[in-house]
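next comes the sequence, and after it the predicted model I'd like to discuss.
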2 protein chains.
Amino acid sequence: MSSVVEASAALENSTVYFRCVAGCSAKHSIYDVIYTCPTCGNLLEVHHEREPLKKKNAYQWQALFDSRASTSVWPHGSGVWGMREWVIPSLADENVVSMFEGNTNLFWAERLGKQLGVPDLWIKLCGNSHTGSFKDLGMTVLVSVVKQMMAQGSSVEAVACASTGDTSAALAAYAAYAGIPAVIFLPAGKVSTAQLIQPVANGAHVLALDTDFDGCMKIVQEVTKDNSIYLANSMNSLRIEGQKTVGIEIVRQFEWEVPDWIIIPVGNLGNISALHKGFQLMLDLGLINRMPRLVAAQAQKANPFYESYKNGFKDKITMTAQDTLANAIRIGDPVSYVKAVKAVQETDGIVEQASEDELADASAHADLTGMFTCPHTGVALAVLTKLIKKGVIKSSDKTVVISTAHGLKFTDFKVGYHEQTLKDVNSQYANPAVHLPADANAVKDEIAKRLSS
Amino acid sequence: MSSVVEASAALENSTVYFRCVAGCSAKHSIYDVIYTCPTCGNLLEVHHEREPLKKKNAYQWQALFDSRASTSVWPHGSGVWGMREWVIPSLADENVVSMFEGNTNLFWAERLGKQLGVPDLWIKLCGNSHTGSFKDLGMTVLVSVVKQMMAQGSSVEAVACASTGDTSAALAAYAAYAGIPAVIFLPAGKVSTAQLIQPVANGAHVLALDTDFDGCMKIVQEVTKDNSIYLANSMNSLRIEGQKTVGIEIVRQFEWEVPDWIIIPVGNLGNISALHKGFQLMLDLGLINRMPRLVAAQAQKANPFYESYKNGFKDKITMTAQDTLANAIRIGDPVSYVKAVKAVQETDGIVEQASEDELADASAHADLTGMFTCPHTGVALAVLTKLIKKGVIKSSDKTVVISTAHGLKFTDFKVGYHEQTLKDVNSQYANPAVHLPADANAVKDEIAKRLSS
């Protein structure tokens, strides 16, 4: 352990630490293997004391972040580590595990926006990334912290999660790059090689257990009790530190102008909490002077947050989530509920939902204007359409939709849509191939017909 | 048509134009619908006269390109349009059809390089892009030129290609973004919706004709005779102008240092020609003072360029290409042969090949270090391994491997590899999930066994 690391870790102890979201007073080092408050059991969050960050003024932070964006200077070319002082300031360069995450395209949806009547529409394409989803943003932070923990002699030997989706893909890739073993737990017989191909290819130890998902979680708790394996599931608050950069990055890409709306598809609610956390930090440090209104978009088949919102957030509503095409947000009891309620309330936000048919059509409609959207992005786009129709989002508003994954991860969804085989979906934009004879005139006629329609 | 466009188009007529690769003297406007030399039938290439470009010195170009990289200033944040003066200088801002292509991660393959004995190994991840392949780089140029042609009153109404792979995906996406109709021709009954899902989703007119691929091409020729449909196939030289930026970008990312080797998987040979063209331009303008050695990597099952090379390029060898996992480079009669021979000869280059087993293992090996490589990248990585073993690539050499597409486009290949069902492939790195009872001790034992091995 170098003296630089020692010194900065010591500094961090006083200004960046885990604290309980429910307000218990204890501070914990972010290099401790700890996931929840030992006093009350609530989630932790990484807190950045503001005073040390106020040593730079807003302009100096903006100029610094602007100057680093996408450069090839290690590790500042990463969208996350270009803001390292706001993420994990004590992380040594040699422990950063980065694959150039972030700095994704803030896509001006020119044609889609005009069609929907909101010309100032932007889609943040977080899926155009190393593993194809926004989870990269959080995993670079988590795996980097673990690398530093291991370099400092921690008992941690591996990272693990119980997931079959984007989380396990991102964890496995970052662990493989770092040379840290990754273990993926899942219920046996429920998941195909295809669904797991990213962690399998990235050399994760994939353990299929003879039990259901709850049974898996019990075994995971027991196996990780001795702190030799660090858990990367959604209870882990380090990932939020990376994910919060997406909001800061959006504002940076707009030359530090705040959009009126940001719409994000939500399940476990970590992502909207992260978004809010990034904006709060910018507000506190004077980089922005107002919040965007945050919209949480839920699939109707898995909508506990929507139901809680309708109920005025009086109680946390939970449910057994039903099957939905937006399977990454099929969550009945969201982990980050408390943080997300704050995110909605403090930004004058909204929660809205979309049916299977609405999300599938919204996704297909966007694709016709050059994107290749995942079903979760479809949920957000369907919610956008609803809020425009209701007159909530106005034609002059600047709106950003967060696209959470690349459509290439969801080709079955797209094939099903265009072959019109999806349950509860009418596929109004289906675009099947047309079969023609090998005759130039027939082909010309068909093309003429299509171009004139 | 604005006077700005008129003025710049007039300028371009004299300094940037199509010319015949075989040396015929005529110049043609790049806004003409023309694909081959009307005199001799050879390919055309876009020529940039050097004198106007020498008005800036090398440092000024470098500083300009550096200053634009990944900014949010339209359209300079694109890796292609950040070098617009070297691409299509006369293109008006409003006609640029860009989705932030380029500026992809030049991935330091730290662990893989050490394992192979070449620690200065870099992988240019061109597949981390909008449509998931390097074809985006060329299509932004082609579709932008078409948009300008249409704005200037050209008879062109649509773009088209006969392709089932990355080319049709990129063409359809860029056309959809621009609002220009795209037509995809293919032989009926040979291609599934899944293979075509990108153009289908992006709203291309997909015409399946009752004939084979040659029959398709005949019909395409006939249908496009009246110049109402612009052909985007591999004869089209505009795409090379975008693809050539990848070499310039690599050097820029190395702070204008030239690597010793660049290895690229090749089929139709347009990509290696483009790479050479970019380096030649940098050399002529003094931005670099030497060429990297270019290595063309072929699949053994489709290796006409390798056979021609072994033959000292005395004759162009063609063949019927066999099935290969690297299906995007399954080409028996490469279009850009003449340009590619020049690329190899003028850079002291090499052509090498890889078997199915070699390419699959090389791809899987790379994945174990955090990538998610396509089979074509596997060909290049297998060739890298061979050249290291032969002592041609030395341990101190700086080597770049071009990864042409995202592995997410090739999940069947990866699933087949890890399920050990691929023909001619032994899958030495197969990593199947292990099935365990729901028992914490059994799980602990398995993890302990794996972490100690």
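Thanks, I have the structure now. Residues are numbered from 1 along each chain as shown, chains lettered A, B, ... in the order given.

tell me which parts of the stretch 1-150 of chain A are close to chain B?
For the stretch 1-150 of chain A, the residues found near chain B under the criterion Cβ under 8 Å from any Cβ of the partner chain are A:69-72, A:99-100, A:103, A:105-107, A:110-111, A:125, A:128-132. (Each C-beta comes from the backbone N, C-alpha and C, glycine too.)

stretch A:239-255: which residues count as buried?
Taking 16 or more other Cβ atoms under 10 Å in any protein chain shown as the basis for neighbour counts, the residues of stretch A:239-255 that come out buried are A:239-253.

filter the residues you listed down to the ones in helices?
Cross-referencing the buried residues of stretch A:239-255 against helices under DSSP state H gives A:239-243, A:245-253.

and which of those residues is nearest chain B?
The closest of those to chain B turns out to be A:Gln253 (Cβ to the nearest Cβ; 4.6 Å).

if I read this right, the closest one contacts B:Thr71, doesn't it?
No - counting by Cβ atoms under 8 Å, no contact exists between A:Gln253 and B:Thr71, whose distance comes to 9.3 Å.

since we're on A:Lys225, how many residues are nearby?
Around A:Lys225 sit 11 other residues, with neighbours defined as other Cβ atoms under 10 Å in any protein chain shown.

one more: A:Asp120?
The number of residues packed near A:Asp120 is 17, by other Cβ under 10 Å.

isn't it right next to A:Val400, touching?
No - applying Cβ under 8 Å, one finds A:Asp120 not in contact with A:Val400, separated by 9.6 Å.

can you tell me the helix or strand for the residue nearest to A:His276 when sequence neighbours are not counted?
Distances taken as Cβ to Cβ, 6 or more residues apart in numbering or on different chains put A:Ala343 closest to A:His276, at 3.4 Å, once the chain neighbours are dropped. Under the criterion of DSSP states H and E, A:Ala343 resides in helix A:337-346.

which other helices and strands does whichever helix or strand comes after that helix contact?
The first helix or strand that comes after helix A:337-346 along the chain, using DSSP H and E, is strand A:350-354. Under the contact criterion of 3 or more Cβ pairs under 8 Å, 6 or more residues apart in numbering or on different chains; DSSP states H and E, strand A:350-354 touches strand A:293-299, helix A:304-310, helix A:375-389.

adjacent strands (with direction) for strand A:350-354?
Sheet pairing of strand A:350-354 (DSSP bridges) gives strand A:293-299 (parallel).

any residues touching the strand it pairs with, and which ones?
Contacts made with strand A:293-299 from outside it, assessed by Cβ atoms under 8 Å, 6 or more residues apart in numbering or on different chains, are listed as A:260-267, A:269, A:272, A:275-276, A:304-306, A:309, A:324-326, A:329-330, A:340, A:343-344, A:347-354, A:356, A:359, A:379-380, A:382-383, A:387.

from the chain's centroid, how far away is it?
Here strand A:293-299 is found 13 Å from its chain centre; the criterion is Cα atoms, centre = their mean, to the nearest Å.

buried residues in it?
When neighbours are counted by 16+ other Cβ under 10 Å, the buried residues of strand A:293-299 are found to be A:Arg293, A:Leu294, A:Val295, A:Ala296, A:Ala297, A:Gln298, A:Ala299.

if we can go back for a sec, can you list residues touching both of A:Gln253 and B:Thr71?
If you check A:Gln253 and B:Thr71 against Cβ under 8 Å, 6+ apart, no residue is contacted by both.

ok, back up a step: and the helix holding A:Ala343, how far from the chain's centre?
The mean C-alpha position of helix A:337-346 is separated from the chain mean by 16 Å, Cα atoms, centre = their mean.

relative to strand A:350-354, how tilted is that helix?
Using axes from the mean of the first three to the mean of the last three Cα atoms, to 10 degrees, one finds that helix A:337-346 and strand A:350-354 are set 110 degrees apart in direction.

go ahead and flag the most central residue of chain A.
Taking Cα atoms, centre = their mean, the centroid of chain A lies closest to A:Phe134, which sits 4.3 Å from it.

let me see the confidence value for that residue.
At A:Phe134, the predicted lDDT confidence score is 97.

surely it and A:Gln243 touch.
Yes - the pair A:Phe134 and A:Gln243 qualifies as a contact (Cβ under 8 Å) at a distance of 6.8 Å.

mutual contacts of those two, please.
Each of A:Asn271 lies in contact with both A:Phe134 and A:Gln243 under the rule Cβ under 8 Å, 6+ apart.

per-residue confidence at the residue nearest to A:His276?
Here, the pLDDT recorded for A:Ala343 equals 98.

that one reaches A:Tyr337, doesn't it?
No - under the criterion of Cβ under 8 Å, A:Ala343 lies out of contact with A:Tyr337, with a separation of 10.5 Å.
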